[in-house]
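Engineer: Would you be able to build a 3D model of this:
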Amino acid sequence: MENKVNKQHPEKDIAPLLWGQMINEYALNQVQVAQLERYLDLLIEWNQKFNLTAITDPSLIVQHHFQDSLALSHFIDFSKIRTVADIGTGAGFPGLPLKILFPHLVMILIEVNSKKRSFLEHVVNVLRLTNVIIYPYDWRTFLRMTDYKIDYFFARASLQPEELIRIFKPASPYRDAIMIYWASQQWVPQKNETSFIEKKESYSIGSVPRKYIFFRQGSIDKSMKTIR
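Structural biologist: Have a look, this model is predicted:
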């Protein structure tokens, strides 16, 4: 495809290139490509009525939402995972792109904003996704009121780790799960968070270096006293 420079709308020149890179990198089939294209269209359409995301440029949506969500697949074997939960999913990131890439997943989307939940329900219906559960609970209520067998929790641009590590309190039904936090390369953990860090994985979105922080139940005796 010839890529001419469009000085007024350069994103229209970049988007096809990013789509091609994403398709090749994640070996997307025709159904998955069509689902992501429709998802992109719906996000742009609904964002004109509701504030779903501050990113509205198609190229940036592909790069900073879709690719940033899917990049986790380079660090986890999703074929061995059954159920995951996305905390404060917003417009569905990273949960829905990962669900599209791995249809076998049971995906729990936790979102308190009613307008965003309406969008998520619409996307799930239009894309005919199955085994997607949308919950209206806030994080603390979710921990108190549910007891699903969840393998991984994802937190991208939602809560801070200090709040997220409540999951590891002794009474939590999810204390043995793994929590993955999307962080900037400059992120530094607080003292009460460090003992729960299992590992860090660096990656880049475009030219922006980022990292995944894997949290897991650690030295409970030392750490639990600091969780309020």
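
Engineer: So which residues of this structure form helices?
Structural biologist: 11-25, 30-47, 58-61, 68-70, 95-101, 114-127, 139-145, 161-164, 220-223 (DSSP state H).

Engineer: Now do the contacts for the residue positioned nearest the centre of the chain.
Structural biologist: Using CA atoms, centre = their mean, the residue of the chain that lies closest to the mean C-alpha position is residue 94, 2.0 Å off. Neighbour list for residue 94: 68-70, 72, 86, 154, 156, 182 [criterion: CB atoms under 8 Å, 6 or more residues apart in numbering]. From N, CA and C alone the C-beta is placed, and that goes for glycine too.

Engineer: What does the pLDDT read for it?
Structural biologist: Model confidence at residue 94, given as pLDDT, is 97.

Engineer: Start the count at 403 instead of 1 going forward.
Structural biologist: Yep, numbering from 403; the last one is residue 496 now.

Engineer: number of nearby residues for the closest residue to it other than its chain neighbours?
Structural biologist: Spatial nearest neighbour of residue 496, excluding adjacent residues (CB to CB, 6 or more residues apart in numbering): residue 471 at 3.3 Å. Neighbour count of residue 471, defined by other CB atoms under 10 Å: 23.

Engineer: picking that back up, between the helices of the chain, which one is nearest to residue 616?
Structural biologist: helix 563-566 (11.5 Å; CB to CB).

Engineer: which strands and helices sit next to the closest one?
Structural biologist: strand 554-557, strand 580-586, strand 610-617 (3 or more CB pairs under 8 Å, 6 or more residues apart in numbering; DSSP states H and E).

Engineer: Averaged pLDDT, the second one. What do you get?
Structural biologist: Strand 580-586 shows a mean pLDDT of 96 in the predicted model.

Engineer: For that strand, list the C-alpha coordinates in PDB.
Structural biologist: Output of strand 580-586 as PDB, limited to C-alpha atoms (Å, rounded to 0.1, in the frame of the first residue of the first chain):
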ATOM      1  CA  ILE A 580      -1.800 -12.700  40.200                       C
ATOM      2  CA  MET A 581      -2.300  -9.000  39.700                       C
ATOM      3  CA  ILE A 582      -0.700  -7.300  36.700                       C
ATOM      4  CA  TYR A 583      -0.300  -3.500  36.700                       C
ATOM      5  CA  TRP A 584       0.500  -1.400  33.700                       C
ATOM      6  CA  ALA A 585       3.200   1.100  34.700                       C
ATOM      7  CA  SER A 586       5.400   3.800  33.200                       C
END
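
Engineer: Can you add distance to residue 453 and mean neighbour count and give the helices and strands packed on helix 563-566 back as a markdown table?
Structural biologist: Converted to a markdown table, these look like this (distance: least, CB to CB, whole Å; neighbours: other CB atoms under 10 Å):
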| stretch | distance to residue 453 | mean neighbour count |
| --- | --- | --- |
| strand 554-557 | 20 | 23 |
| strand 580-586 | 20 | 20 |
| strand 610-617 | 23 | 17 |
